[in-house]
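# My questions concern the predicted model and sequence given below.
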Amino acid sequence: MRGAEVLVAVCADGAGSAQHGGAGARVACHTLLAEIEKLLAGPIPLTARKKSAAVLGKTAIRRAFVHVAAELRAEAAQLGVAPRELATTLLLAVLGPDSAGFAQVGDGVIVIRDKDAYQHVFWPARGEYANTTDFATDEPLALRCTQLGAVDEVALMSDGLQVLALDYAAQAAHPPFFAGLFSEMHRAPAPDRDLAEPLHRFLGSPAVQQRTDDDVSLVLAVRDRVRS
């Protein structure tokens, strides 16, 4: 991130029990990105002018998620299926120079670096029954939203990586998992280019695949204070 630019990151995981879960995840991500971009470019001064101000207010973020739900219902109508057939979790991070906003529906996890420790923003949501969670198609929408100060490292991931990334006994992030990933991000001259293939190999490796049978989507971002 440079100057007053804002980074927007999303991650979604279509429900395995949903007929069109993959399509639901794609619609959710594309719609949420478009809605947040419109809010940031709108006439209302949403970007922070003071260090205590949020990049986007909770009300604006909730409206964006409500719009996603409406788009998922519209897509379901076009496909001739119930909205639950496009069920998907959905995670959002909006990072500005002095503040950050986070929102999440369902499981998966957002982890940030807070000083010298890695912290989860929300603990993954579990549904009423085992192996269930909340989805962006649910009514009412079980949205969690919070605002924090400046964030320099963030990871968004689907629930398939939770077994590696979280310490369930302590209900905390697992530091070695994130320290290695972010160290590589900081060292790489062009992380989006240099680390894409190594990360792809890591996520598809036996060490990962033998511990999970679920989606392993991962979004990583670091603030480059030296070159910014």
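Arrived safely, thanks for sending.

# quick one: least confident helix or strand in this structure?
Sorting the helices and strands of the chain by mean pLDDT, DSSP states H and E puts helix 191-194 at the bottom, at a mean of 78.

# Show me which residues of the next helix or strand along the chain from that one are buried.
Under the assignment DSSP states H and E, the closest C-terminal helix or strand after helix 191-194 is helix 196-203. The neighbour-count check on helix 196-203 (16 or more other Cβ atoms under 10 Å) flags 199, 202-203 as buried. Where you see a C-beta, it was placed from the backbone N, CA and C, and this is true even at glycine.

# Over to the most far-flung residue of the chain relative to its centre: give its phi and psi.
For the chain, the largest distance from the centre (Cα atoms, centre = their mean) belongs to Gly80, which lies 28.7 Å off. Main-chain torsions, Gly80, degrees, to the nearest 10: phi 70, psi 30.

# where does it land on pLDDT?
In this model, Gly80 is scored at 98, pLDDT.

# Quick check: beta-bridge partners of the residue nearest the centre of the chain?
The residue lying closest to the centre of the chain (Cα atoms, centre = their mean) is Leu91, at 3.3 Å. Beta bridges link Leu91 to Cys11, Gln104 when assigned by DSSP bridges.

# Leu40: how many residues sit nearby?
Neighbours of Leu40 under the rule other Cβ atoms under 10 Å: 18.

# what do you get for Arg126?
For Arg126, using other Cβ under 10 Å, the count is 14.

# Same question for Arg84.
Residues near Arg84, counting by other Cβ under 10 Å: 18.

# quick one: which helix or strand includes Arg63?
Counting by DSSP H and E, Arg63 is found in helix 58-79.

# ok, back up a step: would you agree the residue nearest to the centre of the chain is in contact with Ala155?
No - counting by Cβ atoms under 8 Å, Ala155 is not a contact partner of Leu91; they are 10.2 Å apart.

# Could you list the low-pLDDT ranges of this protein?
The chain contains residues with pLDDT under 70 at 1-4, 43-54, 127-131, 213, 225-228.

# Quick one: the strands in it, in order.
7-14, 88-95, 99-105, 109-114, 117-120, 144-149, 153-157, 166-167, 172-173, 218-222 (DSSP state E).

# I figured Ala28 hits Arg73, correct?
No - with contact defined as Cβ under 8 Å, Ala28 does not reach Arg73; the gap is 11.7 Å.

# Compare the two and say which one has the larger neighbour count.
For Ala28 versus Arg73, the count of surrounding residues by other Cβ under 10 Å is larger for Ala28: 31 against 15.

# That one: what's it in contact with?
Residues near Ala28 by Cβ atoms under 8 Å, 6 or more residues apart in numbering: 10, 12, 68, 71-72, 88, 90, 136.

# TSV please, covering those residues and showing neighbour count and distance to Val163.
As requested, these are arranged in TSV below (neighbours: other Cβ atoms under 10 Å; distance: Cβ to Cβ, whole Å):
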residue	neighbour count	distance to Val163
Val10	21	22
Ala12	29	19
Val68	29	27
Glu71	20	31
Leu72	27	28
Thr88	27	20
Leu90	29	21
Ala136	29	23
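
# from those, which single one is nearest Leu56?
In terms of Cβ to Cβ, no member of these lies closer to Leu56 than Val10, at 13.4 Å.

# Leaving out sequence neighbours, find the closest residue to that closest one.
Cys29 (4.9 Å; Cβ to Cβ, 6 or more residues apart in numbering).

# again, but for Ala60
Distance criterion Cβ to Cβ, 6+ apart; nearest residue to Ala60, sequence neighbours excluded, is Leu39 at 5.3 Å.
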